[in-house]
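Trainee: give the three-dimensional model of this entry:
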Amino acid sequence: MEDRNYAYDPVGQTGAPLNQQAYRMEAGQLWRQYAIAGIANIAIASTGYSMGWTSPVNLKLQNTTDNPIGVPITKDEEAWIGSLLTVGAIFGPFLGGFAASKIGRKWGLLSTSIPLFIGWILIAATKNVGMIYGGRIFWGLAVGMLFTISPMYCAEIATDDSRGALGSFLQAFITLGYLLIYGIGPYVSYMVIAYVGIIFTAAFAVLFFFMPESPFYYLGKGDREAAAKCLASIRGRSHEGVQAELDLMAADVNASLEKTATVADVFRGSNFKAFYISCALVFFQQFSGINAVLFYMTNIFEAANSSLDSAIATIIIGVVQVIASFITPLVVDRLGRRILLLISSCGTAIGLGLLGMFFMLAQAENPVVEKIGFLPILSLVLFIVTYCWGLGPLPWAVMSELFPIEVKAIASPIATAFCWVLSFLITRYFSAIAAALGMGGTFFIFGACCVAAFFFTLFLVPETKGKSFQEIQDILSGRPSKPEKA
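Mentor: Prediction:
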């Protein structure tokens with residue numbers, strides 16, 4: 001696969017005009033940015049493995065067999081185990097934002113392997129539930145850091161026409177981690193699960209060590225030569241062949257360096273518009289109930305008395321997640337963000353409505369429940385597929401696009417931390433709410449939030465497909481923008 005861009009032609013006799021200069025065509029290698037983003041997202045897959053860990057391990061901890069603690073955990077301990085990862089994730093974004101700006105996107109991403117390793121060591125060596133709590137908190141720190149830095153890195157190495165696809169990698173790779181833990185968790189020991197997690201993290205650290213830094217980071221530090229070297233490596237072109245694109249990047253960075261952003265700037269003008277859109281999208285993402293569903297998926301199938309073994313049903317959902325999530329990178333830069341968000345919010349609302357109806361009927365002991373034992377799986381498949389098309393990946397992709405460079409390092413951690421505060425509330429109190437309202441009522445509430453997400457997207461979310469960072473800022477500010485690229 002080739003990627004083409006115009007390289008500077010001082011004679012001006014070849015190529016086409018771009019930014020008032022003539023450039024000659026030089027072939028590049030588009031696959032390189034996809035490969036680099038894929039390796040960067042191995043860490044995201046590792047966090048998916050960590051986040052899905054509760055689904056098979058909760059059942060082990062509720063028994064005495066293959067339980068490192070030796071005694072079954074209580075319901076309250078189970079709720080804390082599920083939710084403490086999100087507590088760490090609340091603080092992780094601020095560490096991630098600081099690391100990304102001070103040591104770079106590459107080394108910031110690599111540094112996430114430290115809390116991941118610590119978390120797995122605590123889990124592997126655990127003798128009591130407190131060590132499990134600690135491991136989950138360290139995983140959460142890594143999750144918060146990765147969800148801040150990874151979308152930033154992928155957006156900055158991507159061309160305008162590939163940015164949506166690379167931004168969607170986060171959701172796609174996290175589902176690979178979920179599938180792995182769903183696939184092996186029920187069938188291997190507690191310790192084997194931990195060893196696989198350690199190997200997963202080590203694979204990321206070794207492979208990503210050889211990947212390039214973001215050119216934007218070097219330009220921000222005034223090191224154009226290092227930025228050119230990185231960009232040439234990412235694009236698969238010569239040093240001369242990336243000068244045109246580097247000039248555009250440098251113009252964006254220089255404009256941002258003229259401004260000194262503070263927290264107050266996040267709440268002004270177009271920055272605030274970007275901020276409330278980002279926060280609203282992650283609100284709807286979390287209040288779709290996704291983490292409650294994923295963390296307690298096995299429990300949901302047990303509660304539903306599904307005719308299919310809960311472990312097999314969970315693996316089926318994991319496979320569906322992966323397939324659906326890898327569709328989004330293929331179509332997001334063709335269809336656009338808005339249409340996928342609209343389809344996603346509509347589909348998740350229907351899936352949650354069906355799931356809520358099933359539990360309502362089950363609670364009423366309606367005899368029809370015995371004939372529709374397939375409905376929980378069908379509902380969750382619809383929910384997962386449509387979630388993975390939009391509400392899962394696109395809030396992160398859109399967030400990485402909406403904020404200007406000088407505001408991104410401040411605003412993104414705040415919005416990401418907000419996301420994990422919501423996730424904590426849902427995962428910590430899902431069981432209590434479900435006990436008070438019933439599973440049916442709880443899923444109806446989540447479904448209503450998805451309906452609200454549909455109308456919010458319809459009226460307030462701008463389309464960023466194929467737009468440069470400057471064009472997106474023009475849209476948010478209400479300034480005339482260039483026509484959309486074909």
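
Trainee: C-alpha from now on. contacts and neighbour counts both.
Mentor: Noted.

Trainee: so where's this structure uncertain?
Mentor: 1-27, 255-261, 294-300, 302-308, 310, 480-486 (pLDDT under 70).

Trainee: tell me which stretches of it form strands.
Mentor: For the chain, the strands defined by DSSP state E cover 3-8, 16-18, 21-28.

Trainee: the stretch 1-150 of the chain: helices as residue ranges?
Mentor: 31-40, 42-51, 54-61, 75-102, 105-111, 113-124, 129-157 (DSSP state H, counting those that start in this stretch).

Trainee: can you check which helix is longest in this structure?
Mentor: In the chain, taking DSSP state H as the definition, the longest helix is helix 405-460.

Trainee: other SSEs contacting that helix?
Mentor: Contacts defined by 3 or more C-alpha pairs under 8 Å, 6 or more residues apart in numbering; DSSP states H and E place helix 405-460 against helix 75-102, helix 129-157, helix 243-257, helix 269-286, helix 290-295, helix 337-363, helix 394-402.

Trainee: at 6 Å what do you get?
Mentor: Judged by 3 or more C-alpha pairs under 6 Å, 6 or more residues apart in numbering; DSSP states H and E, the packing partners of helix 405-460 are helix 75-102, helix 269-286, helix 337-363.

Trainee: now tabulate these in JSON lines and tack on mean neighbour count and distance to residue 380.
Mentor: Shown next, in JSON lines, are those (neighbours: other C-alpha atoms under 10 Å; distance: least, C-alpha to C-alpha, whole Å):
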{"stretch": "helix 75-102", "mean neighbour count": "23", "distance to residue 380": "20"}
{"stretch": "helix 269-286", "mean neighbour count": "22", "distance to residue 380": "16"}
{"stretch": "helix 337-363", "mean neighbour count": "23", "distance to residue 380": "6"}
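
Trainee: so which of those helices comes closest to residue 409?
Mentor: Minimum separation from residue 409 across these (C-alpha to C-alpha) falls at helix 75-102, 5.3 Å.

Trainee: nearest to residue 424, out of the helices and strands packed on helix 405-460?
Mentor: Among these, the nearest to residue 424 by C-alpha to C-alpha is helix 75-102 (5.0 Å).

Trainee: now do the closest one against helix 129-157, angle only.
Mentor: Interaxial angle, helix 75-102 versus helix 129-157 (axes from the mean of the first three to the mean of the last three C-alpha atoms, to 10 degrees): 40 degrees.

Trainee: just how off-centre is helix 75-102 within its chain?
Mentor: On the basis of C-alpha atoms, centre = their mean, to the nearest Å, helix 75-102 sits 14 Å off its chain's mean C-alpha point.

Trainee: follow-up on the earlier one: quick one: closest of the helices of the stretch 1-150 of the chain to residue 178.
Mentor: That would be helix 42-51 among these, by C-alpha to C-alpha, at 5.0 Å.

Trainee: among the helices and strands packed on helix 405-460, which comes closest to residue 139?
Mentor: Nearest to residue 139, of the helices and strands packed on helix 405-460 and by C-alpha to C-alpha, is helix 75-102 at 6.1 Å.

Trainee: now that closest one and helix 54-61, what's the angle there?
Mentor: Relative orientation of helix 75-102 and helix 54-61, computed by the same axes, to 10 degrees: 140 degrees.

Trainee: in stretch 218-226, what's buried?
Mentor: Buried residues in stretch 218-226, counted by 16 or more other C-alpha atoms under 10 Å: 218-221, 224, 226.
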